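In: Sequence and predicted model, in that order:
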Amino acid sequence: ETGVTQTPRHLVMGMTNKKSLKCEQHLGHNAMYWYKQSAKKPLELMFVYNFKEQTENNSVPSRFSPECPNSSHLFLHLHTLQPEDSALYLCASSPGLAGVTQYFGPGTRLTVL
Amino acid sequence: EDQVTQSPEALRLQEGESSSLNCSYTVSGLRGLFWYRQDPGKGPEFLFTLYSAGEEKEKERLKATLTKKESFLHITAPKPEDSATYLCAVQAGAQAGTALIFGKGTTLSVSS
């Protein structure tokens, strides 16, 4: 595997379900990110981790819970989501935080029924 | 407020018809401007990073330029495989955190 991988690629869940999204980066980077991309809207940053420590939480509802066990893996735990949370969830990684390129994974298409 | 505006929202070109996409930005201290290409249902694919006014970068049929207020992505003699949404993003000064601020993108369609 190379680059940034995400699983699953597609997920359908009910509002009462609990699920998790997984991201793994094979680039040796130290920072990892979760973004949300909704139709007709710009990408929105959700969370930032640097060396496993969360450095930013962009006012994300508590029904989204991130976890970063090491610099290569990032999870997004989902529970009691709303239909408006349906979107493409993108993971990205970068060598550092300032002025460096972020590399994105293929995304998880989430549908909340 | 830091923001990024891309124009046009959509662009239709004939194969071989060169054009430019615009990304205008207002940020407090630019730390980097990034261009990405995104195909439907996929994650953004990195194209270019620009750091200072006057900087230019090229890759195949694409050339990105940067001024103090905007960036252009020039597409020379496009082919149908260049059809995609092109995203522009900026990283503002240290006080703004580390977030990339994205524009809404320009969707390019190239027909043969």
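Out: Nice, I can see it.
In: near chain A, which residues of chain B?
Out: B:4, B:31-32, B:34, B:36, B:41-46, B:49, B:51, B:87, B:89, B:91, B:94, B:97-105 (C-beta under 8 Å from any C-beta of the partner chain). Quick note: C-beta positions are derived from backbone N, CA and C, even for glycine.
In: Now the buried members of those residues.
Out: B:4, B:31-32, B:34, B:36, B:42-45, B:49, B:87, B:89, B:91, B:98-105 (16 or more other C-beta atoms under 10 Å in any protein chain shown).
In: Could you name the helices and strands sitting against the helix or strand of chain B with the lowest mean pLDDT?
Out: Ranking every helix and strand in chain B by mean pLDDT, DSSP states H and E puts strand B:100-102 at the bottom, with a mean of 91. If contacts are counted by 3 or more C-beta pairs under 8 Å, 6 or more residues apart in numbering or on different chains; DSSP states H and E, strand B:100-102 sits against strand B:3-7, strand B:84-91.
In: Give me the helices and strands touching the longest one, please.
Out: Spelled out, it's strand B:84-91. strand B:3-7, strand B:19-26, strand B:32-38, strand B:70-75, strand B:100-102, strand B:106-111.
In: Which of those comes out lowest on mean pLDDT?
Out: Of all the helices and strands packed on strand B:84-91, the minimum mean pLDDT falls on strand B:100-102 (a mean of 91).
In: contacting residues around that strand?
Out: Residues outside strand B:100-102 that contact it (C-beta atoms under 8 Å, 6 or more residues apart in numbering or on different chains): A:42-43, A:45, A:102, B:2-4, B:25, B:27, B:34, B:87-92.
In: quick revisit: any idea how far the least confident helix or strand of chain B is from the chain center?
Out: Its chain's C-alpha centre and that of strand B:100-102 lie 11 Å apart, by C-alpha atoms, centre = their mean, to the nearest Å.
In: Please apply the same query to stretch B:68-87.
Out: On C-alpha atoms, centre = their mean, the centre of stretch B:68-87 falls 7 Å from that of its chain.
In: Ok, stretch A:95-104 next?
Out: With C-alpha atoms, centre = their mean, you get 15 Å for stretch A:95-104.
In: quick revisit: tabulate the helices and strands packed on strand B:84-91 (CSV), appending distance to B:Glu60.
Out: Below are the helices and strands packed on strand B:84-91 laid out as CSV (distance: least, C-beta to C-beta, whole Å):
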stretch, distance to B:Glu60
strand B:3-7, 21
strand B:19-26, 15
strand B:32-38, 11
strand B:70-75, 10
strand B:100-102, 23
strand B:106-111, 14
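In: what's near enough to touch the nearest residue to B:Leu73 once chain neighbours are set aside?
Out: The shortest distance from B:Leu73 to any residue other than its chain neighbours is 4.4 Å, reached at B:Leu21 (C-beta to C-beta, 6 or more residues apart in numbering or on different chains). Neighbouring residues of B:Leu21 by C-beta under 8 Å, 6+ apart: B:Gln6, B:Ser7, B:Pro8, B:Leu11, B:Phe72, B:Leu73, B:Ile75, B:Tyr86, B:Thr106, B:Leu108.
In: which of those are buried?
Out: Of those, these count as buried by 16+ other C-beta under 10 Å: B:Gln6, B:Leu11, B:Phe72, B:Leu73, B:Ile75, B:Tyr86, B:Thr106, B:Leu108.
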